[in-house]
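Engineer: next come a sequence and a model predicted from it.
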Amino acid sequence: TSMGKGDTKELYVLLRDLECTRDSILHAMGFILTRSEDAKDITTILTEALTLRSSPIELKIARLYLLSDVLYNDVMYNTSPLDENFSVYKDEFKSRMKKIFKSIASAIDRVDPPPARVNVRTRVGRVLGTWAAWGLYPDEAIQRWGEIVSDSGSLDDLE
């Protein structure tokens with residue numbers, strides 16, 4: 001299935017205007033979760049949004065929080081064995097995570113002043129720690145994604 005033009009436009013607007021607030025993320029998450037039949041298109045659009053170089057770091061973090069909430073709710077509340085869309089977002093995003101975290105790491109490296117980068121890495125690390133606690137993905141994968149973010153220039157940031 002292909003997402004309709006109206007829904008595609010609305011998703012782009014939601015992602016463009018997303019903020020690190022509960023209401024903003026909840027609204028976007030509700031939109032995404034009620035359209036699991038369009039998971040492939042939504043995954044592509046959200047991945048593009050997360051890897052867009054021009055996005056400010058706060059917007060990338062808001063989008064990461066959105067991704068986290070979508071994954072949690074997709075896995076934790078979509079438990080019917082009769083539901084063919086079970087964990088559809090988790091499966092769709094897994095192969096894209098390395099690209100997403102490389103983009104986030106690159107964005108962190110551009111944060112100024114450098115000491116502020118530590119705070120952003122901590123926020124991303126908390127998301128990954130939460131994913132590990134939820135058992136969302138294998139620990140080895142989560143660790144690799146965390147290393148991508150923590151290895152990006154982190155020694156220079158403490159000076």
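Structural biologist: Cool, the structure landed. Just so it is clear, the model here is predicted, and its values are computed rather than measured. Residues are numbered from 1 along each chain as shown.

Engineer: what segments of the chain are helices?
Structural biologist: Remark: helices assigned in the chain by DSSP state H are 5-17, 22-33, 39-51, 57-77, 88-94, 97-109, 115-134, 139-150.

Engineer: mean pLDDT for those: which is lowest?
Structural biologist: Within those, the stretch with the lowest mean pLDDT is helix 88-94, showing a mean of 90.

Engineer: next one: that helix to chain centre, how far?
Structural biologist: Between the centre of helix 88-94 and the centre of its chain there are 11 Å (C-alpha atoms, centre = their mean, to the nearest Å).

Engineer: buried set for it?
Structural biologist: 88-90, 92-93 (16 or more other C-beta atoms under 10 Å). Using the backbone N, CA and C atoms, a C-beta is placed for each residue, glycine as well.

Engineer: over to stretch 14-33?
Structural biologist: 14-15, 18, 24-25, 28-29, 31-33.

Engineer: let's have the residues you listed in JSON lines, adding distance to Ala116.
Structural biologist: Shown next, in JSON lines, are those (distance: C-beta to C-beta, whole Å):
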{"residue": "Leu14", "distance to Ala116": "27"}
{"residue": "Leu15", "distance to Ala116": "24"}
{"residue": "Leu18", "distance to Ala116": "20"}
{"residue": "Ser24", "distance to Ala116": "22"}
{"residue": "Ile25", "distance to Ala116": "22"}
{"residue": "Ala28", "distance to Ala116": "25"}
{"residue": "Met29", "distance to Ala116": "27"}
{"residue": "Phe31", "distance to Ala116": "31"}
{"residue": "Ile32", "distance to Ala116": "29"}
{"residue": "Leu33", "distance to Ala116": "32"}
